[in-house]
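In: How does the following fold in three dimensions:
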Amino acid sequence: MAHEQDEMQTTPTPHNAAKAGDIAETVLLPGDPLRAKFVAETFLKDTVQYNSIRGMLGYTGKYKGRRVSVQGTGMGMPSMGIYSYELIHFYGVKNLIRIGTAGGMQPDSKLYDVIIGMGACYDSHYAAQYQLPGTYAPICSFALLEKAVQAARDKGIPVRVGNIVSNDLFYSASPALDKWAGMGVLACEMEAAALYMNAAYAGVNALCIVTVSDVIGGGGEIATPEERETAFTRMMEIALELA
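Out: As a prediction, the model looks like this:
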């Protein structure tokens, strides 16, 4: 059910059991709720679970003494749109960092590459709601991007920074990824563009850090479901330094 932007904003919400103050100003956003659980159990201290509605787990704890939350968002821009909107407008979140998986699209892409999305192309109509007189180009927060690149350097983690594409379709009748790749797009995923648009409209910070879980046209090499949940720790370590 659609909700008007000026509707009274109260907590908890239909999708999040957290009360006001339960969620930190910086939130990591994995699509998979089990990855949220892994981050909370592996990296955070004094952790409290604040949400399990629809199985979309959310936790708040401390990393190096700094308060940080991690919240599953599900798959696709509609789901990311709901969770990020509520985190921003209902819970006062200021920094939203997606940590997810992506398909590598360039000839030199490798499994487990860490990619930071400076911009996010899209094939969605998500931007239509803003009634803009042209085509919007979603970009990340430079402040978070700069910190993430420096954190990666400090940790000796190689990263690639550039354009990614957020697709509405996981299974497409008319694949066109080669055309995106021809424009230098590094990887495809399904959520970043909606996150960047929600953040821009609200004047807060957002960044997408992804790990390559499969290489498009790369001979079938693909990460297992278990690896998708737990093996992508390098992007998690970078994201946590942004809290």
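In: what about Ala17, which SS state?
Out: coil (DSSP: H, G, I helix; E, B strand; the rest coil).
In: Equivalent analysis for Lys147, please.
Out: Lys147, by the three-state scheme (three-state DSSP), is helix.
In: So which residue is dead centre in the protein?
Out: Taking C-alpha atoms, centre = their mean as the criterion, Arg98 is the residue nearest the geometric centre of the chain, at 2.0 Å.
In: distance of that one from Asp108?
Out: Separation of Arg98 from Asp108 (C-beta to C-beta, to the nearest Å): 23 Å. All C-beta spots, glycine's among them, are computed from the backbone N, C-alpha and C.
In: Ala193 now?
Out: Note on Ala193: its distance to Asp108, by C-beta to C-beta, is 24 Å.
In: what's the next secondary structure element after the helix or strand of the chain with the lowest mean pLDDT?
Out: Across the helices and strands of the chain, mean confidence by mean pLDDT, DSSP states H and E is lowest for helix 225-230: a mean of 66. For helix 225-230, the following helix or strand on the C-terminal side (DSSP states H and E) is helix 233-240.
In: Low-confidence ranges, this protein, go.
Out: Applying pLDDT under 70 to the chain picks out residues 1-8, 175-176, 218-221, 227-231.
In: Now name the helix or strand holding Tyr83.
Out: Secondary structure assigned from DSSP H and E places Tyr83 in helix 77-89.
In: List the buried residues for that helix?
Out: By 16 or more other C-beta atoms under 10 Å, the buried positions in helix 77-89 come out as Met77, Ser79, Met80, Gly81, Ile82, Tyr83, Ser84, Tyr85, Glu86, Leu87, Ile88, His89.
In: Isn't the first one up against Asp168?
Out: Yes. Taking contacts as C-beta atoms under 8 Å, Met77 lies within contact range of Asp168: 6.7 Å.
In: Now do the shared contacts for these two.
Out: When contacts are counted by C-beta atoms under 8 Å, 6 or more residues apart in numbering, Met77 and Asp168 are jointly contacted by Tyr122, Ser124, Met190.
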